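*Asks:* Just the structure for this:
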Amino acid sequence: MNIGEAAEATGVTAKMIRHYEQIGLIPEAGRTGSGYRVYGPKDLSTLSFIRRARDLGFSIVQIRDLLTLWQDRARASSDVKRIASEHIDEMKAKMALLQEMVHTLEHLSAHCHGDDRPDCPIIEQLASGPGKEGCC
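*Replies:* I've put the predicted structure just below:
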């Protein structure tokens, strides 16, 4: 199967497949006599694994570790769970930060008159610089 077919079968773009090869996340594909990449069932399984992991927001480093564990039949499931738990903690921290950002923007937006006057707490807050509370 060529790279376009592998991309279609796995949902990973050809550009990303080449990138994953370049960074060593997947092994270099076999080549035809004319130099075209050739992918087999094992390659497709690996690419699908990567796609699902990326869909869940795992980083490349985490995916590399998960791939190593996936390929190691003597692995301890506790190692896999540790990676997943760390990722959950990271996502929860990001969610908290996003909630804080939403709260701040809702507050600023509620205090902006949204009329023809130039006074705007949103602009004032953005212009006040980092670490300064500005108007709110």
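
*Asks:* The longest helix along the chain: how far from the chain's middle?
*Replies:* Of all the segments of type helix in the chain, defined by DSSP state H, the longest one is helix 77-110. Distance of helix 77-110 from its chain centroid, counting by C-alpha atoms, centre = their mean, to the nearest Å, is 13 Å.

*Asks:* and what of stretch 63-73?
*Replies:* Worked out by C-alpha atoms, centre = their mean, stretch 63-73 lies 18 Å from the chain centre.

*Asks:* Could you do stretch 109-121 as well?
*Replies:* 36 Å.

*Asks:* For it, give the mean pLDDT please.
*Replies:* The average pLDDT within stretch 109-121 is 91.

*Asks:* So which bits of that stretch are buried?
*Replies:* For stretch 109-121, the neighbour count (16 or more other C-beta atoms under 10 Å) marks Cys112, Cys120, Pro121 as buried. In this view, the C-beta of every residue, glycine as well, is placed from N, C-alpha and C.

*Asks:* mind putting those in CSV, distance to Gly11 and secondary structure included?
*Replies:* Shown next, in CSV, are the buried residues of stretch 109-121 (distance: C-beta to C-beta, whole Å; DSSP: H, G, I helix; E, B strand; the rest coil):
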residue, distance to Gly11, secondary structure
Cys112, 42, coil
Cys120, 43, coil
Pro121, 44, helix
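
*Asks:* Can I get those residues in CSV including distance to Val38?
*Replies:* CSV is the format used below for those (distance: C-beta to C-beta, whole Å):
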residue, distance to Val38
Cys112, 58
Cys120, 59
Pro121, 60
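
*Asks:* Okay, now the unreliable bits of this protein?
*Replies:* For the chain, applying pLDDT under 70 flags the ranges 130-136.

*Asks:* all strands for this protein, in order.
*Replies:* Ranges of strands within the chain are 30-31, 37-38, based on DSSP state E.

*Asks:* With Met16 as the reference, name the closest of those.
*Replies:* Closest to Met16 of those, according to C-beta to C-beta: strand 37-38, at 13.2 Å.

*Asks:* packing partners for the closest one?
*Replies:* For strand 37-38, the elements it packs on are strand 30-31, judged by 3 or more C-beta pairs under 8 Å, 6 or more residues apart in numbering; DSSP states H and E.

*Asks:* Having no further points to raise, I will conclude here.
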